[in-house]
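Q: Model the structure of this input:
(one chain, ligands or ions: 1)
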Amino acid sequence: MSRIHKIEVPLNGGAVIGHLTLDNPKALNAVALDMIEPMLAAIHDWEARPEVVAIVIDAAGDKAFCAGGDIVNLYRSKIGEAPADYPERFFTQEYRLCHDLHRLTTPVIAWGHGVVMGGGCGLFAGASHRVVTETTRLAMPEIKIGLFPDCGATWFFSRLPHYMARFAALTGATLSPADTLFAGLAEHAIRHEAKDSVMAALGEASDWHDPQHTVSTILAEAEERARAAEVAESQLMAEAPTLQRAAAGSHLVDVVSGLAALTDSSNEWLAACAQNLVDGCPTTAHLIHDQLETGRYLSLAQCMQRELAMALACCRHADFAEGVRALLVDKDKQPAWTYTTIADVPAAHVADHFVAGWNGAHPLADL
Ligand code: QUE
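A: Predicted coordinates:
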């Protein structure tokens, strides 16, 4: 059974809406290579056909839009249960999909209900119309598993205010619907129960001479009728001055000690976020620092190309497998990182994450 459903909705007048549904709910709709490839084929097909006026991406089940890449599968390839070239093929196509989503001229509505995490953020970020609902929880928590915020986070995090990017990336903070709007990581907050009416409004729209505008108008009207009340209070907004102070250093050690000190905060959310950083992978912290310092001067394609080198390096080294083992496989939540503190990580170890991990041309040279 395919875990990607591709539907074409014909409208009066010959226009078509393309609809992709992620359907792997037991794994929180984590995407494996056999889901990524049909998504890529579908968006390329739709982009080439002018009658396709909009694309909707949503997901099965009530819990998650997408928890990220199917890392558990990747872990198996490392311990020999899947083909050895799976990581390179997986990351290449996952990053290609996120890149190409960003670049579509056809409007893309992503219905980010529930968990939007890791690679799920990459898919979500690439949509032109990002909808959050009352249950949206958005995070890039790769520091917990010894990876790094990927799928374009080098690009989209490095373009946020500095303190916000440092906080979100280094702590893997879970953002509420209100926080995503405040950060500019989503456009609309709409109650999930209004989804059918949004789909119906898209199906009934007849004026598609400016598809981006038509979609924006329909979503704005839905938001007016059914705004998710949870957007009232953004903790990220309320705590912005605290976070600005905590994340202000120009050296990684200062930023990390500033943010780690928030474990003492009376705000439970901030304290939990800071604890993620304290327990997180020290090498990941170095990778994040590099991503945020350099990312804003790189194009989206360059960011994806760089991330591929980083991801394959994470597959060569021990921490990523150890993080997945501890968090997702054995679930003991006690990863034994290669280096204990940020100061212990040798510069040469960090530098090795930017070395080409493939033979010949870059697999994403054509982006
Ligand atoms: C941090 C992450 C991810 C994570 C857990 C973290 C992530 C990811 C998954 C995930 C969840 C369910 C699955 C699966 C993977 O969990 O990126 O294969 O079935 O994809 O703490 O970054």
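Q: Point to the helix or strand of this protein where mean pLDDT is at its lowest.
A: helix 71-78 (a mean of 81; mean pLDDT, DSSP states H and E).
Q: That helix - contacts with which helices or strands?
A: Judged by 3 or more Cβ pairs under 8 Å, 6 or more residues apart in numbering; DSSP states H and E, helix 71-78 is in contact with helix 86-103, helix 318-324. Glycine gets a C-beta too; all of them are placed from N, C-alpha and C.
Q: ok, the nearest residue to Lys63 once chain neighbours are set aside - how many residues close by?
A: Residue nearest to Lys63 in three dimensions, not counting chain neighbours: Gly114, with 4.9 Å by Cβ to Cβ, 6 or more residues apart in numbering. Close neighbours of Gly114, defined as other Cβ atoms under 10 Å, add up to 26.
Q: Once you drop chain neighbours, what's closest to the most centrally placed residue in the chain?
A: Closest residue to the average C-alpha location of the chain: Cys121 at 1.9 Å, with Cα atoms, centre = their mean. Take Cys121 and drop its neighbours on the chain: the residue closest to it by Cβ to Cβ, 6+ apart is Met140, 5.6 Å away.
Q: Contacts only, for that neighbour.
A: By Cβ atoms under 8 Å, 6 or more residues apart in numbering, Met140 lies in contact with Met117, Gly118, Cys121, Pro149, Ala153, Phe157, Ala168, Ala169, Gly172.
Q: For it, what are phi and psi?
A: The phi and psi torsions at Met140 (degrees, to the nearest 10) take the values phi -120, psi 80.
Q: What residues does this structure have near the ligand?
A: Residues of the chain found near the ligand (Cβ under 6 Å from any ligand atom) are 27-28, 30, 67-72, 117-119, 141-142, 144-145, 327-328.
Q: Let's see that with 5 Å instead.
A: 27-28, 30, 67-72, 118, 141-142, 144-145, 327 (Cβ under 5 Å from any ligand atom).
Q: out of those residues, which are inside helices?
A: If you go by DSSP state H, those have Ile71, Val72 in helices.
Q: any idea which of the residues of the chain next to the ligand is the one closest to Asp196?
A: The nearest member of those to Asp196, counting by Cβ to Cβ, is Leu28 at 22.6 Å.
Q: if I look at Arg96, how far off is Ile43?
A: Per Cβ to Cβ, to the nearest Å, Arg96 is found 10 Å from Ile43.
Q: For these two, work out which one has more neighbours and name it.
A: A side-by-side neighbour count of Arg96 and Ile43, using other Cβ under 10 Å, places Ile43 first with 24 against 19.
Q: Identify all contacting residues around the strand or helix carrying that one.
A: Using DSSP states H and E, Ile43 sits in helix 33-48. Helix 33-48 is touched from outside by 2-4, 6, 18, 20, 22, 24, 31, 52, 55, 70, 73, 86, 89-90, 93-94, 96-97, 100-101, 104-106, with contacts defined as Cβ under 8 Å, 6+ apart.
Q: tell me which residues in that helix are buried?
A: Neighbour-count burial for helix 33-48, counted by 16 or more other Cβ atoms under 10 Å, picks out Leu33, Met35, Ile36, Met39, Leu40, Ala42, Ile43, Trp46, Glu47.
Q: Kindly report the same for stretch 255-262.
A: The neighbour-count check on stretch 255-262 (16+ other Cβ under 10 Å) flags Val255, Val256, Gly258, Leu259, Ala260, Leu262 as buried.
Q: Could you tell me the model confidence score at the second one?
A: The predicted structure scores Val256 at 98 on the pLDDT scale.
Q: next helix or strand past the helix or strand where it lies?
A: Using DSSP H and E, Val256 sits in helix 252-260. Beyond helix 252-260 on the C-terminal side, the first helix or strand identified by DSSP H and E is helix 268-279.
Q: So which elements touch that following helix?
A: helix 162-171, helix 252-260.
Q: out of the buried residues of helix 33-48, which one sits closest to the ligand?
A: Met35 (11.3 Å; Cβ to the nearest ligand atom).
Q: circling back: buried only: go through the contacts of helix 33-48 for me.
A: Judged by 16+ other Cβ under 10 Å, buried ones among the contacts of helix 33-48: 3-4, 6, 18, 20, 22, 24, 31, 52, 55, 70, 73, 86, 90, 93-94, 96-97, 100-101, 104, 106.
Q: If you compare the directions of whichever helix or strand Ala110 is part of and helix 33-48, what angle comes out?
A: The secondary structure element spanning Ala110 is strand 108-112 (assigned by DSSP H and E). Taking axes from the mean of the first three to the mean of the last three Cα atoms, to 10 degrees, one finds that strand 108-112 is oriented at 140 degrees with respect to helix 33-48.
Q: Give the rounded mean pLDDT of strand 108-112.
A: Mean per-residue pLDDT for strand 108-112: 98.
Q: Please name every helix or strand in contact with it.
A: Using 3+ Cβ pairs under 8 Å, 6+ apart, strand 108-112 sits against strand 52-59, strand 64-66, helix 119-125, strand 129-132.
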